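Undergrad: I'll drop the sequence and a predicted model, then ask my questions.
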Amino acid sequence: MPHRSIFMKTAGTVALAASALLSATAYAHPRAIVRLERLDRATTPLVTPPKAQPTKTSAATPTGPRVPNELGRIPIVEWHQVVAADGTYKVSRERFRAELRELHARGYVPVNLSEMLDKTMDIPTGKTPVLFTFDDASPSQFRYIERNGTLVVDPTSAVGMLLDFIKGHPDWKPKGLFCVLPAAEAGHAFFGDKGIDGQKTAWRFKKVQFLASQGFELCNHTLWHAKLSKYSDAVVQEQLARGAMAIDSAVPGYTVRGFALPYGLWPKNRALAFNGSWYDKKSKRSVRYRHEAVFEVSGGPARSPYDPAFNPKSLPRVPLQGGTKLSTTLDQMDKPGKWARYVSDGNPKTVAKP
Ligand SMILES: [Zn+2]
């Protein structure tokens, strides 16, 4: 039995540059810029996570009750399209449901990004937080069906399947992060437009609002999935400011705290991933953005926010798609070593250390 110690959890201080932020009315859907750089030409391949080096000391026990370790790892899982069959950036609907079941069965509980950043996660004893991330805002993640004049969430879209799962598993709440594109092509515009996959352009804001009202959180993923590494500082800032502005247009006053790098590619000037501004000629206002957390596309499970080495400015993720398996990562996290999982002590005021 490893020695345990506790210390007090401290609430994170969050200073937000909210003042001169985003105009709720200024955003007009840009007709000129609606292109999505092809997802299948990522220059940063999704990699298989390296094997963790086992060590003699660990808080995880493969059998029996899990020993609290709130310095352990938290998986930030990453889904793109949820469709008929697995592929690059795709998982099948059956697989998506199976992954939810597996996470639940293995003692994982969804949290929001804000709870990680603010250190306010409240996880039952013996359980592990998981942060869901959904990239690219496709209709496969969130489709509406019109029934007798009412919009219902398509139960075969990821949001439909997730909400259905939560209904049957009330220990899970609607939490997770949608890293959205407001103006990319092929329906990647706030979950669908122009009739693609049966989705009406007019439904875009409704979907974003619905997610926020359910308890999910919203994250920037640029305006149209720009490869930020190849653009000027001005274009990088325009992509990020307009991405944040579009979210603010859908949900006025919303504070975007996270940003997922398209293809995992950083802008040449890395600082611009976190802070920047862009002058909106239309409203004659300077639009600022501030991201506290930046997500990579891969890298394995993330450090706990209580780990002194936790770095929200480069959060690794666990990509789920054809060729990767959730269980590979979860098995590794059940073993001793650097990837040993976060296990809650059930007390949100203390941090259990192995
Ligand atoms: Zn993406």
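TA: Looks like it came in fine. Residues are numbered from 1 along each chain as shown.
Undergrad: Using PDB, write out every CA atom in the helix of greatest length in the chain.
TA: When the chain is parsed with DSSP state H, its longest helix is helix 233-250. The C-alpha coordinates for helix 233-250 follow below in PDB (Å, rounded to 0.1, in the frame of the first residue of the first chain):
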ATOM      1  CA  ASP A 233       0.900  36.800 -37.900                       C
ATOM      2  CA  ALA A 234      -2.000  38.900 -39.200                       C
ATOM      3  CA  VAL A 235      -3.800  35.900 -40.800                       C
ATOM      4  CA  VAL A 236      -3.200  33.800 -37.600                       C
ATOM      5  CA  GLN A 237      -4.900  36.500 -35.500                       C
ATOM      6  CA  GLU A 238      -7.800  36.900 -37.900                       C
ATOM      7  CA  GLN A 239      -8.400  33.100 -37.900                       C
ATOM      8  CA  LEU A 240      -8.500  33.000 -34.100                       C
ATOM      9  CA  ALA A 241     -10.300  36.300 -33.400                       C
ATOM     10  CA  ARG A 242     -13.000  35.400 -35.900                       C
ATOM     11  CA  GLY A 243     -13.300  31.900 -34.600                       C
ATOM     12  CA  ALA A 244     -13.900  33.300 -31.100                       C
ATOM     13  CA  MET A 245     -16.200  36.100 -32.500                       C
ATOM     14  CA  ALA A 246     -18.400  33.500 -34.200                       C
ATOM     15  CA  ILE A 247     -18.800  31.600 -31.000                       C
ATOM     16  CA  ASP A 248     -19.700  34.900 -29.300                       C
ATOM     17  CA  SER A 249     -22.200  35.600 -32.000                       C
ATOM     18  CA  ALA A 250     -24.000  32.300 -31.300                       C
END
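Undergrad: Can you give the contact residues for the following helix or strand past it?
TA: Reading on from helix 233-250 to the C-terminus, the next helix or strand found by DSSP states H and E is strand 258-260. With contact meaning CB atoms under 8 Å, 6 or more residues apart in numbering, strand 258-260 is reached by 113, 133, 135, 177, 179, 217, 219-221, 240, 243, 273, 291-295, 297. For the C-beta atoms, the positions are set from N, CA and C on the backbone; glycine is no exception.
Undergrad: do the same with stretch 170-177
TA: 104, 109-113, 115, 124, 131-134, 162-163, 165-166, 214-219, 258.
Undergrad: Quick check on the residues you listed: which are buried?
TA: By neighbour count, with 16 or more other CB atoms under 10 Å, those hold 104, 109-113, 115, 131-134, 162, 165-166, 214, 216-219, 258 as buried.
Undergrad: out of these, which are inside helices?
TA: Counting by DSSP H, the buried ones among the contacts of stretch 170-177 place His104, Leu113, Glu115, Leu162, Phe165, Ile166, Gln214 in helices.
Undergrad: quick one: which helix or strand includes Leu117?
TA: Here Leu117 is assigned to helix 113-118, by DSSP H and E.
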